[in-house]
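>>> Just a sequence and a predicted model for now, questions to come.
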Amino acid sequence: MPVYLSLPRTILLLRSRIQHLVPNPLTSLPITQHFSSSPLPLDHHHYYVDDTFDPESFFTSLLATSTRKSQLTQIQARLVVSGLQDNGFIVAKLIHVCADIGEICYAREVFDEFPDPYVHLWNAIIRGYSRHDLFGEAIEMYLRMRVWGVSPDCFTLPHVLKACGGIPRLEVGRAVHGQIFRHGFESDVFVQNGLVALYAKCGRIERARIVFDRLCNRTIVSWTSIISGYAQNGQPLEALMIFSEMSKLNLKPDWIALVSVLRAYTDVEDLEQGKAVHGSVIKMGLEYEPDLRIGLTAMYAKCGQVMVAKALFDQMEVYNVILWNAMISGFAKNGCADEAVELFRDMICKNIRPDSITANRIHELNLREE
């Protein structure tokens, strides 16, 4: 018998009243046909469901087109009305979409309403926190998941490892590493990439290299993680050696790898190779990527090409303290003290808050003048 999924807003949660609704034959259409003319027609008031209706496919398609919290709340209400609020597959998708559109608090509300969450739901909320850089919350949910006796899978661990590296929480990361072996995920490339990044971000670059060397199927993420690790841990030559190995395999670096390579060339003050990377950036159409712009500005400034650096600086649409520091440091290093101080004043006028690096550079300039 057809079921109608339409109720006044005030009684959406009262499933017991569905049986009293009267069909409207003039507006009743098969649900897939009814929605075919609109990407998300949630404001229609009559939904006819025939015997071939597949709720998981329907709600998954509906969620895929959702971009606002108001749409998601309507979908959640209709899940309740149709008795699908305990369908873990659909609820996990709902949590994913909530997080993807930035409604992480609402994602948590949806998660907390599920009576007995299994691994896919835990994965959804942990992933959401991790992707929004809420690393403490991601780790908290992972630890709670373990207390509940739910075992992680290969989709859980990369997000937990990212969170451990983001804080950083090496002790939790080591515990996760143990879980990887206990659950047989040591050959999963995504998990191993997470381990490389974790150890690198926690300053254990030697351990990161061991994990990297044991990888049988290295991806771009694998190479990027170890290159970034060496660059961030003050070992530019090692970073460049790994980048050279990667290039010999004809692997195309992503913009994250290029940021680290630029940082390495900046540290060793290799202008020619830095220019070569700049050429690659332009060929790849990445010249407007903010982090690469900052890296190029810092590279040219430190390598003595301060006017080229200033030209790149002036082209930036969005400024942050890292960019200002790179330019101020470049002026200071190249004997342009007045320009450095003037840029610092301009920074203050534009309400860019200086950090300790900025303060150190200005202090050094003051000492030189004395």
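Here it is on my side, so go on. Numbers count the residues shown, from 1 in each chain.

>>> The helix or strand harbouring Thr73: how far from the chain's middle?
Secondary structure from DSSP states H and E places Thr73 in helix 69-81. Centroid separation between helix 69-81 and its chain, computed with C-alpha atoms, centre = their mean, to the nearest Å, is 26 Å.

>>> which of the residues in it are buried?
In terms of neighbour count (16 or more other C-beta atoms under 10 Å), helix 69-81 has its buried residues at 71-81. (Glycine included, C-beta is placed from N, CA and C.)

>>> Could I get the full set of helices for the stretch 51-200 of the chain?
55-64, 69-81, 88-100, 104-113, 119-131, 135-147, 156-166, 170-182, 189-201 (DSSP state H, counting those that start in this stretch).

>>> With distance to Met347 and mean pLDDT as extra columns, can I get those in TSV?
Output for the helices of the stretch 51-200 of the chain, formatted as TSV (distance: least, C-beta to C-beta, whole Å; pLDDT from 0 to 100):
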stretch	distance to Met347	mean pLDDT
helix 55-64	43	87
helix 69-81	37	91
helix 88-100	35	94
helix 104-113	32	95
helix 119-131	31	96
helix 135-147	29	95
helix 156-166	27	94
helix 170-182	35	89
helix 189-201	28	94
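
>>> Same list, these, but as CSV with distance to Ile357 please.
Output for the helices of the stretch 51-200 of the chain, formatted as CSV (distance: least, C-beta to C-beta, whole Å):
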stretch, distance to Ile357
helix 55-64, 44
helix 69-81, 39
helix 88-100, 33
helix 104-113, 31
helix 119-131, 28
helix 135-147, 23
helix 156-166, 21
helix 170-182, 25
helix 189-201, 19
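
>>> what's in contact with stretch 355-370?
Stretch 355-370 is contacted by residues 321, 324-325, 328-329, 332, 337, 340-341, 344, 347, 354 when judged by C-beta atoms under 8 Å, 6 or more residues apart in numbering.

>>> go with 7 Å
Applying C-beta atoms under 7 Å, 6 or more residues apart in numbering, the external contacts of stretch 355-370 come out as 321, 324-325, 328-329, 332, 337, 340-341, 344.

>>> Now render those residues as a markdown table, adding pLDDT.
Shown next, in a markdown table, are the contacts of stretch 355-370 (pLDDT from 0 to 100):
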| residue | pLDDT |
| --- | --- |
| Val321 | 89 |
| Trp324 | 90 |
| Asn325 | 90 |
| Ile328 | 92 |
| Ser329 | 90 |
| Ala332 | 88 |
| Ala337 | 88 |
| Ala340 | 90 |
| Val341 | 90 |
| Phe344 | 92 |
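
>>> one step back: and the helix holding Thr73, what does it pack onto?
Helix 69-81 sits against helix 55-64, helix 88-100, helix 104-113, with contacts defined as 3 or more C-beta pairs under 7 Å, 6 or more residues apart in numbering; DSSP states H and E.

>>> For Val147, which of these is the nearest?
Across those, Val147 has its closest neighbour in helix 104-113 (15.3 Å, C-beta to C-beta).

>>> what's the closest one in contact with?
Residues contacting helix 104-113 (C-beta under 7 Å, 6+ apart): 69, 72, 76, 91, 94-95, 98-99, 117, 121, 125, 128-129, 132, 134.

>>> repeat that with 8 Å
Residues external to helix 104-113 that are found in contact with it (C-beta under 8 Å, 6+ apart): 69, 72-73, 76, 85, 91, 94-95, 98-99, 117, 121, 124-125, 128-129, 132, 134.

>>> Equivalent analysis for stretch 307-318, please.
If you take C-beta under 8 Å, 6+ apart as the criterion, stretch 307-318 is touched by 290, 293, 296-301, 323, 326-327, 330.

>>> swap in stretch 253-263?
Stretch 253-263 has contacts (C-beta under 8 Å, 6+ apart) with 220, 223-224, 227-228, 230-232, 236, 239-240, 243, 246, 274, 277, 280-281, 284, 286, 289, 291-292, 295-296, 298-299.

>>> Alpha carbons of that stretch, as CSV, please.
C-alpha atoms of stretch 253-263 as CSV (Å, rounded to 0.1, in the frame of the first residue of the first chain):
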residue,chain,number,x,y,z
PRO,A,253,54.3,16.2,-7.9
ASP,A,254,51.2,17.9,-6.4
TRP,A,255,51.2,21.5,-5.1
ILE,A,256,51.8,20.3,-1.6
ALA,A,257,55.1,18.6,-2.6
LEU,A,258,56.2,21.7,-4.6
VAL,A,259,55.7,23.9,-1.5
SER,A,260,58.1,21.6,0.4
VAL,A,261,60.5,21.5,-2.5
LEU,A,262,60.5,25.3,-2.6
ARG,A,263,61.1,25.4,1.1
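
>>> Relative to the whole chain's centre, how far out is it?
17 Å.

>>> middle-most residue in the protein, spatially?
What sits nearest the mean C-alpha location of the chain, by C-alpha atoms, centre = their mean, is Arg131, with 3.9 Å.

>>> Wait, that one touches Ala99, no?
Yes: between Arg131 and Ala99 there is a contact at 6.5 Å, judged by C-beta atoms under 8 Å.
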